[in-house]
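Peer 1: No letters, just coordinates:
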């Protein structure tokens, strides 16, 4: 594979078009109960055809659930159009989402048809990565990286994950407020990413930087001042990984992700755009989803003290706590598909070429599919009945690794901290895609 420097600008434009339009990490405080009451009233007073669940503000202030609740009741396959995304269908019920996700012959995720994001970038700027491909190419590239999370590899990683978790938790300050997102969630997931890539450990925070950089808007007040500055920085990402690629393609096959990509016949001849696309898929996926569940789980237990008491009384409930956290948080709120043919979904006529958005967050609150879905319950009889990892051929390749990281974190927390005080509201990202946090202020008495 030849990575040519003159293509860097074009590649970075591709990243910008794919991510930047739906991930805008500005932050505000979580609204009060009164605000939620007002938001619910507003959601039900609005004419049904005016409901637009793509507004990032509704996710940032955590009031989007009221709009999803109404759509599930009154219009589960809901058509809307706005100036930014154009026309799209919102699929909000569990079974309908399952149908779309498991019928890739009808509903495509391929970049050539629009990809997985709601925004329709020009075809020459669409991001090429295996989650945005259909079979057979999707299957070939996914198989290249899937061995890294095979059961034997997971078992071998568990000791390392536990030792690192212990060190991070033991290093937390006592009797002072700190940001759980920064000190725990980001640090643990970044260490894991460095291991998966066999990335120089001393440079591991570059992975967090590049992940956040790819999903941040540019301008005053944001983490990057201009699009030109973004291109320069992501060009450094490409150059760094190109060096790692060139080292490993000329060495014996290794067990890290870069070596797997470099030695597989399905990926060793990727274009620069495809290489960087798959890199960003693996970095953003591994960074954002697990880290936000690590924060979301603590905040959920803070909001549900009876469940936290139940967990402390019976630490064995960690096994069912973990999937309940992942369901409750739903780290990725949606995925988009494009209809390849005329079809019917939830009684609605879907036309070939229509944009269909599966709202996993809504499906995970569907009372018709999940008992007491609107409640956080850590000892559910069927805790893995959720949509957060997707279904079908695109089911999250790293789901078991994510579960293991969160399980170990909570096993170690319960051995150390009788109390974790959440001393302020979380700050959430301004995004309709990643359900994430930038801050959760906590204090450990002791």
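Peer 2: Ah, there it is. Values in this document were obtained by computation on a predicted structure and should not be read as measured data.
Peer 1: number of nearby residues for the closest residue in space to residue 113 that isn't next to it in sequence?
Peer 2: Spatial nearest neighbour of residue 113, excluding adjacent residues (CB to CB, 6 or more residues apart in numbering): residue 338 at 4.2 Å. Where C-beta positions appear, they are placed from N, C-alpha and C, glycine not excepted. Using other CB atoms under 10 Å, residue 338 has 20 neighbouring residues.
Peer 1: same question, residue 396
Peer 2: 19.
Peer 1: before we move on, what about residue 166?
Peer 2: Residue 166: 14 surrounding residues under other CB under 10 Å.
Peer 1: residue contacts, it?
Peer 2: residue 412 (CB atoms under 8 Å, 6 or more residues apart in numbering).
Peer 1: how about a cut-off of 10 Å?
Peer 2: Residue 166 makes contacts with 408, 412, 415, 416, as judged by CB atoms under 10 Å, 6 or more residues apart in numbering.
Peer 1: Could you list which of the residues you listed belong to helices?
Peer 2: Using DSSP state H, the members of these that fall in helices are 408, 412, 415, 416.
Peer 1: is it true that the first one touches residue 165?
Peer 2: Yes: Residue 408 is in contact with residue 165 according to CB atoms under 10 Å; the separation is 5.3 Å.
Peer 1: any common contacting residues for those two?
Peer 2: Residues touching both residue 408 and residue 165 (CB under 10 Å, 6+ apart): residue 188.
Peer 1: measure residue 274 to residue 141 for me?
Peer 2: According to CB to CB, to the nearest Å, residue 274 and residue 141 sit 9 Å apart.
Peer 1: Overlap in contacts, the two.
Peer 2: Shared contacts of residue 274 and residue 141, defined by CB under 10 Å, 6+ apart, are found at 129, 130, 133, 267.
Peer 1: Report pLDDT for the first one.
Peer 2: Residue 129 carries a pLDDT value of 83.
Peer 1: which ones are touching it?
Peer 2: Residue 129 makes contacts with 18, 111, 115-116, 138, 141, 273-282, 284-285, as judged by CB under 10 Å, 6+ apart.
Peer 1: which ones among these are found in helices?
Peer 2: Using DSSP H, the subset of the contacts of residue 129 located in helices is 18, 138, 141, 273-282, 284.
Peer 1: what's the closest of these to residue 40?
Peer 2: Of all those, residue 40 sits closest to residue 284, with 32.0 Å by CB to CB.
Peer 1: Tell me how many other residues surround the closest one.
Peer 2: 22.
Peer 1: The longest helix belonging to the chain versus helix 272-284: what angle between them?
Peer 2: Looking across the chain with DSSP H, the single longest helix is helix 227-249. Here the directions of helix 227-249 and helix 272-284 differ by 90 degrees (axes from the mean of the first three to the mean of the last three CA atoms, to 10 degrees).
Peer 1: tell me which residues in helix 227-249 are buried?
Peer 2: Using 16 or more other CB atoms under 10 Å as the test for burial, helix 227-249 gives 227, 230-231, 233-235, 237-238, 240-242, 244-245, 248.
Peer 1: got these as CSV, with distance to residue 209 and pLDDT columns?
Peer 2: Formatted as CSV, the buried residues of helix 227-249 follow (distance: CB to CB, whole Å; pLDDT from 0 to 100):
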residue, distance to residue 209, pLDDT
227, 17, 69
230, 12, 74
231, 15, 72
233, 8, 82
234, 10, 79
235, 13, 81
237, 9, 87
238, 14, 86
240, 11, 94
241, 14, 94
242, 17, 93
244, 16, 96
245, 20, 94
248, 22, 95
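Peer 1: Redo these as TSV? Include distance to residue 85.
Peer 2: As requested, the buried residues of helix 227-249 are exported to TSV (distance: CB to CB, whole Å):
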residue	distance to residue 85
227	21
230	22
231	25
233	27
234	24
235	29
237	28
238	29
240	33
241	31
242	34
244	36
245	35
248	39
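Peer 1: farthest-separated two in these?
Peer 2: Longest span within the buried residues of helix 227-249, CB to CB: 227 and 248, 31.3 Å.
Peer 1: Please identify which of the shared contacts of residue 274 and residue 141 is nearest to residue 322.
Peer 2: residue 130 (26.0 Å).
Peer 1: Check the contact between that closest one and residue 275; I expect there is one.
Peer 2: No: look at residue 130 against residue 275 with CB under 10 Å: they stay out of range, at 11.6 Å.
Peer 1: Can you check which residues contact both of those two?
Peer 2: By the contact definition CB under 10 Å, 6+ apart, residue 130 and residue 275 are jointly contacted by residue 267.
Peer 1: what residues are up against residue 247?
Peer 2: Contact analysis of residue 247 by CB under 10 Å, 6+ apart lists 198, 254, 258, 259, 262.
Peer 1: Among the residues you listed, name the buried ones.
Peer 2: 198, 258, 259, 262.
Peer 1: Show me the two of these that sit farthest apart.
Peer 2: Going by CB to CB, the pair spanning the buried ones among the contacts of residue 247 furthest: 198 and 262, at 11.5 Å.
Peer 1: shared neighbours of the two, anything?
Peer 2: 244, 247, 248, 254, 256.
Peer 1: Take the residues you listed and write them to TSV, including distance to residue 328.
Peer 2: Compiled in TSV, the shared contacts of residue 198 and residue 262 are given as follows (distance: CB to CB, whole Å):
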residue	distance to residue 328
244	36
247	41
248	39
254	37
256	32
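Peer 1: ok, then the element right after the helix-or-strand element of the chain with minimal mean pLDDT?
Peer 2: Least confident element among the helices and strands of the chain, by mean pLDDT, DSSP states H and E: strand 23-24 (a mean of 36). Once the chain leaves strand 23-24, the next helix or strand it forms, by DSSP states H and E, is helix 33-45.
Peer 1: Alright, calling it a day.
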